[in-house]
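Enquirer: got a predicted model here, sequence first, then my questions.
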Amino acid sequence: MPKPEAARMPVIFLAHGAPVLTDDTKWVGELNGWATTLPRPNAILMVSAHWTDEPLRIGATRTVPLVYDFYNFPERFYQVKYPAPGAPDLAERVRELLAARGLPFADDPARGLDHGAYVPLLCMYPRADVPVLQVSMPGLDPATLLAFGQAMAPLRREGVLIIGSGFLTHNLRLGPMASTPSWALEFDAWAADALARRDIDALLDFRARAPGVKMALPTYEHFAPVIVAAGAIAGEEARVSFPITGFWFGTFTRRSVQFG
């Protein structure tokens, strides 16, 4: 059954960084400061660029080990813990909402939070005292991602913070750059404009419309979570803001988005 109506939560998309984000005091402070401006969530539904599975998978509903899905980092990054409570009630509600839309899903009860989930949460909610449920993206088809986000929209009225975690630009092939290239600036500006106007059609067709897309996104999984987030506010006159902007290592836009 639907949960009682609570204060309507915003939906957010954040640039999640690598594990070394936690060494960046400015970025950590920005994420933590952002969290303090948000209503306190009853639970968090996390959709990370680092988990794509078809059909959609619902992760652990209890506290399980994290997924250290990165390589050749200093050992201390593999010792990080984030023992957030599980969210079994939220998982059941997600199943209801998916079933109501005819969207297939499966459970993956041993799957813990990956770095796209726990790294930003460690910055935003360092006490790990908010229940968290991570679910996979159901593939990378934009229309399917939008439908998934739309299916999750009722959670906003139930005190659930929906988070899409990725990067609007993500090109690991180039390595760090001293200055931001024009294609990254152009793509970031295009995305900001489309998001500010809540232009869902443009976001769905980003591969054809966005300037510099082949350099900005050699693969699309890091952009995909923003489509989910936009889907969760589709049809509403939600205010759009950008709490964090700028670039990281030259090519990665840190632009993060708040809907509502």
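Expert: Sure, I can see it.

Enquirer: pLDDT weak spots in the stretch 1-150 of the chain?
Expert: Applying pLDDT under 70 to the stretch 1-150 of the chain picks out residues 1-6.

Enquirer: tell me where it has strands.
Expert: 11-15, 43-52, 56-58, 105-107, 132-137 (DSSP state E, counting those that start in this stretch).

Enquirer: most neighbours per residue, which of these?
Expert: strand 11-15 (a mean of 27; mean count of other C-beta atoms under 10 Å). Where C-beta positions appear, they are placed from N, C-alpha and C, glycine not excepted.

Enquirer: partner strands of that strand, with direction?
Expert: According to DSSP bridges, strand 11-15 forms sheet pairs with strand 160-166 (parallel), strand 256-259 (antiparallel).

Enquirer: possible to save these as a markdown table with mean pLDDT?
Expert: Shown next, in a markdown table, are these (pLDDT from 0 to 100):
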| stretch | mean pLDDT |
| --- | --- |
| strand 160-166 | 98 |
| strand 256-259 | 98 |
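
Enquirer: quick one: closest of the ones you listed to residue 50.
Expert: strand 160-166 (8.2 Å; C-beta to C-beta).

Enquirer: next helix or strand past the closest one?
Expert: Scanning forward in sequence from strand 160-166 by DSSP states H and E, the next helix or strand is helix 182-196.

Enquirer: packing partners of that next one?
Expert: Packing partners of helix 182-196 (3 or more C-beta pairs under 8 Å, 6 or more residues apart in numbering; DSSP states H and E): helix 200-204, helix 206-209, helix 213-216, helix 224-231, strand 240-244, strand 252-253.

Enquirer: and residue 110, which of these is closest to it?
Expert: Here helix 224-231 is closest among those (C-beta to C-beta), at 22.5 Å.

Enquirer: contacting residues around that closest one?
Expert: For helix 224-231, contacts defined as C-beta atoms under 8 Å, 6 or more residues apart in numbering pick out 11-13, 47-49, 52, 137, 140, 142, 145-150, 152-153, 162-166, 168, 191, 195, 198, 200, 203-204, 257, 259.

Enquirer: compute the inter-axis angle for it and strand 43-52.
Expert: Angle of helix 224-231 versus strand 43-52, following axes from the mean of the first three to the mean of the last three C-alpha atoms, to 10 degrees, is 140 degrees.
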